[in-house]
Each structure stands twice: as C-alpha cells, then as structure tokens.
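Participant: The sequence and its predicted three-dimensional model are supplied below.
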Amino acid sequence: MEDNKVLQRINSRFFQLYLLRHLPLAFFAGVNPKYVNFNEAEINMKFRWINQNPFGSIYFAALCMGGEFSTGIIAQALILDSKVKVSMLLLNIEDNFIKKAKGLVVFKCTDGKSINSAIERAIATKEGTEVTAYSEAKNENGDVIATFRCKWAFRLK
C-alpha cells in the first residue's frame, strides 16, 4: 500500500462508496480501481447485465468510461496531492475497438509522468495545458480488445 493519503483513499475498498455518491454511472457499470498510483492505473470492469449490449459483450460506452477513468483517476490523484485547485476537462476521446469485450476487462494507463508534467505546467504558468493519455483494455487472456486516447485540459481555478 502506498504511503500517500490520496492513494490510500483511492486504493481502499471504500472507494466504491465515493463512486456511488459522485459517479453513480461508473459504480453501476462496474468500474473498479484495481491499482492506482501517480504513474499508472489499472481499472477492472466485468461483463454484467447492466453494461451489456445486444451482442453479448460490454457496451462501447461502458468501455469508453473505463478507458477515460483509467487516465482521469491518475490526473485526479495528482491534483488532490498538489493541494492546488486545478480543474480538469476531458476534451476528446479516440477509441479503437478490436475484439468483443467479455468477462473481465482490465484498462491500463501508464502516462502518469506526462499527465503530471501538464498539471505542473498549468500550476507554474497559470495557463491552461493539455495532454493526451493512452489507455489499453485487455481481456482475461491478455488480448488487447480496445485502445483509448484521452485528451485532458488542466487550468487553475
């Protein structure tokens, strides 16, 4: 477990209560942080009745939510840790769907350093900055089923 209080809260089992209160759609879709630190995040999502499409796999919008969440949770953790009021906004998301998403899907983002650089630039220059973070979704067999490029904007409040 991380020593940092922000990361401890995100990686705790009580984080699901936070999702239920502040991001109920993510809670009900089954978004579940597996591991989050300031450099990377792994988010789990299981195929369930509530996130299914008519073709027997996870609905694309639920997959987009997992891809966005895996990049945004790193940014949120960095902002909370900085103790500076920084707003973040998703500007764009590009996705590629390669295979059907069935069973357990793991979304992984390892772009924490570039996200941190953008946040630090926004704080230092007091101007808005942007960064594109990459997330990859894999099934239980380790096959890539989708990729996501999420463009985030940061600025001081």
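Facilitator: Looks like it arrived, so ask away.
Participant: What helix or strand is Ala118 located in?
Facilitator: Secondary-structure assignment from DSSP states H and E places Ala118 in helix 112-125.
Participant: now that helix: mean pLDDT?
Facilitator: The average pLDDT within helix 112-125 is 97.
Participant: From the contact counts, what lies against that helix?
Facilitator: Applying 3 or more C-beta pairs under 8 Å, 6 or more residues apart in numbering; DSSP states H and E, we find helix 112-125 packed against helix 60-82, strand 86-97, strand 129-138, strand 144-156. For the C-beta atoms, the positions are set from N, CA and C on the backbone; glycine is no exception.
Participant: Please identify the most buried of these.
Facilitator: Among the helices and strands packed on helix 112-125, helix 60-82 has the highest mean neighbour count (mean count of other C-beta atoms under 10 Å), at a mean of 22.
Participant: angle of that helix against strand 86-97?
Facilitator: Following axes from the mean of the first three to the mean of the last three C-alpha atoms, to 10 degrees, one obtains 150 degrees for the angle between helix 60-82 and strand 86-97.
Participant: quick one: contacts of the helix holding Ala118?
Facilitator: 37-41, 71, 74-75, 78-79, 82, 84, 86, 127-131, 133, 152, 154-156 (C-beta atoms under 8 Å, 6 or more residues apart in numbering).
Participant: cool, stretch 127-139 as well?
Facilitator: Here stretch 127-139 has contacts from 63, 66-68, 70-71, 74-75, 91, 99, 101-111, 114-115, 117-119, 121-122, 144-155, using C-beta under 8 Å, 6+ apart.
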